[in-house]
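Undergrad: Sequence below, structure please.
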Amino acid sequence: MQNIIKSILEEIDAMLSGHFIPYFKVAIGLAMVVALIFSLVLSHGSVFEGKIAVIDLDGSKYSTELITKINTSPYIQVSEVIRSPVNPITLVSHDRNLGVLYIPKGLEKNIKKGEQTVNLGYFVDDTNDAQNSKVLPSLNEYIPELGAEISVNRISALGLGRDGTEATLSPMQIKSRNMFNPASSSTISTIVYFVYFFSSLTYGLTSLMIVGRLKATGMWNTVMERGPLALMARTTPYALFYTTGLTLISAILVVFGQLRFDGNYFAFLPSIFMTGLAFGWLGLLLSWNTKDPGQGASRMIFLVPPGFIMGGSTMAVGILPAWAYYASHCFPLVWLFRFFRDFAMRGRSLIDMLATYGAYIIFLTVIAAIVVTVYYHTQKSYNQNKAIENC
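TA: As a prediction, the model looks like this:
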């Protein structure tokens, strides 16, 4: 226990010395800066007033009214209307528009006669699928409703009444409701993910430099004498500051109404600290053979970014094959994002999350066992070399 306490105090002295990363400042400061910047840059999580161009070859009164009604959608803004044929690629080049709506000639004539269905076209700029995530569904829902307005008047002459007419035109419908983020707020998803990511980057960088720093400063021999628990305990103060920084910025966002946290934060809190331990211990393993802090820092790509990519922040988890989904849990940030979604967004209780916590404890135990195994293997070689030198 004395060796563990000494190791922890040595890491605190290293943070305060001014010769290494002042993590106690970075953990809190970076989280606040990232939250502030992205809160200003990203006001919501969906594209509102997404610009689209319209190629209107009909040029009729009805097509003009149709364009005006489409423009009232909160997700769509008609930026330009062209009355002649044009290549749609030119209208979306340079991010000028998100897509192009094509209205064929004879729209008004065919609509009023009702002899055949008129197909409108929408050319999607799918260089970024997320850009049209609201525009295309809105068009698919809005266009049939506008077309039905004309059919209602025609069918109502049959004497079916309003309800009967609507049932004839649309016997079945689906209505959707967003359960966790109805306002499409980026703070609930994107901004929090970025705060966690950048905070994890600085902590991961710090943990990867511990082994190299100990070797460069001549303290590695002391580490080999104190035991594996004393070495693993060196990550504790960093994990505490990591937890403090994320908790502080989360509290600020919640207090000012920018973050919705439905669950019990105190039940979520252990998952942050456990993630800090996981980052620290994996950082020790990844940098075990390094001889200076710079070598350890160069291995950051293997620690934090994979978890950010596969944790559900940048792409849907559902598109991953089964083996990739389970393999992704080798990265601590995947666990933290999973806990955040369940506690903060879905409002799950501690009882509901006990199984996940149990799995995370097993994950930490496996990492700890590997660290201990590697430590004793290195210590054995160290003792042999030391015995040879004494001889």
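
Undergrad: Can you tell me the element residue 100 falls in?
TA: Assigned by DSSP states H and E, residue 100 belongs to strand 99-103.

Undergrad: ok, and what's touching that strand?
TA: Here strand 99-103 makes contact (Cβ atoms under 8 Å, 6 or more residues apart in numbering) with 52-58, 63, 66-67, 70, 78, 88, 91-92, 120-125, 132, 135-136, 139. Quick note: C-beta positions are derived from backbone N, CA and C, even for glycine.

Undergrad: go again using 7 Å as the cut-off
TA: For strand 99-103, the external contacting residues (Cβ atoms under 7 Å, 6 or more residues apart in numbering) are 52-58, 63, 88, 91-92, 120-125, 132, 135.

Undergrad: Of those, which belong to helices?
TA: Among these, the ones falling in helices (DSSP state H) are 63, 88, 91-92, 135.

Undergrad: top of those by neighbour count?
TA: Most neighbours among the ones in helices among the contacts of strand 99-103, by other Cβ atoms under 10 Å: residue 135, with 25 neighbours.

Undergrad: where does that residue land on pLDDT?
TA: Per-residue confidence (pLDDT) for residue 135: 81.

Undergrad: Enumerate every residue touching it.
TA: Shown in contact with residue 135 (Cβ under 7 Å, 6+ apart): 47, 50, 52, 75-76, 98-99.

Undergrad: ok, the residues you listed vs residue 202, which is closest?
TA: residue 47 (30.8 Å; Cβ to Cβ).

Undergrad: can you pull the pLDDT of residue 6?
TA: Among the per-residue scores, residue 6 holds a pLDDT of 81.

Undergrad: That one falls within a strand, correct?
TA: No. Counting by DSSP: H, G, I helix; E, B strand; the rest coil, residue 6 is not part of a strand but helix.

Undergrad: gap between it and residue 242?
TA: Going from residue 6 to residue 242 by Cβ to Cβ, to the nearest Å gives 22 Å.

Undergrad: More neighbours: the two, which one.
TA: Neighbour comparison, residue 6 and residue 242: the larger count goes to residue 242, with 31 against 15 (by other Cβ under 10 Å).

Undergrad: Look at that one and tell me its secondary structure.
TA: Relying on three-state DSSP, one would call residue 242 helix.

Undergrad: Show me which residues of the longest helix seen in the chain are buried.
TA: For the chain, the longest helix by residue count, based on DSSP H, is helix 354-390. Buried residues in helix 354-390, counted by 16 or more other Cβ atoms under 10 Å: 356-357, 360, 363-364, 367-368, 371, 375, 378.

Undergrad: which secondary structure elements does that helix contact?
TA: If you count contacts as 3 or more Cβ pairs under 7 Å, 6 or more residues apart in numbering; DSSP states H and E, helix 354-390 packs onto helix 228-233, helix 265-286.

Undergrad: Centroid-nearest residue for this protein?
TA: residue 313 (1.9 Å; Cα atoms, centre = their mean).

Undergrad: give the contact list for it.
TA: Taking Cβ under 7 Å, 6+ apart as the test, what residue 313 contacts is 193, 337.

Undergrad: Helix or strand: which one has it?
TA: Using DSSP H and E, no element contains residue 313; it sits outside every helix and strand.

Undergrad: Relative to residue 334, how far out is it?
TA: Going from residue 313 to residue 334 by Cβ to Cβ gives 10 Å.

Undergrad: just residue 302 next, same as before
TA: Distance, residue 302 to residue 334, by Cβ to Cβ: 14 Å.

Undergrad: okay, those two: which has more neighbours?
TA: A direct count of neighbours by other Cβ under 10 Å for residue 302 and residue 334 places residue 334 higher, at 23 against 14.

Undergrad: could you measure the more buried one against residue 7, distance?
TA: Distance, residue 334 to residue 7, using Cβ to Cβ: 29 Å.
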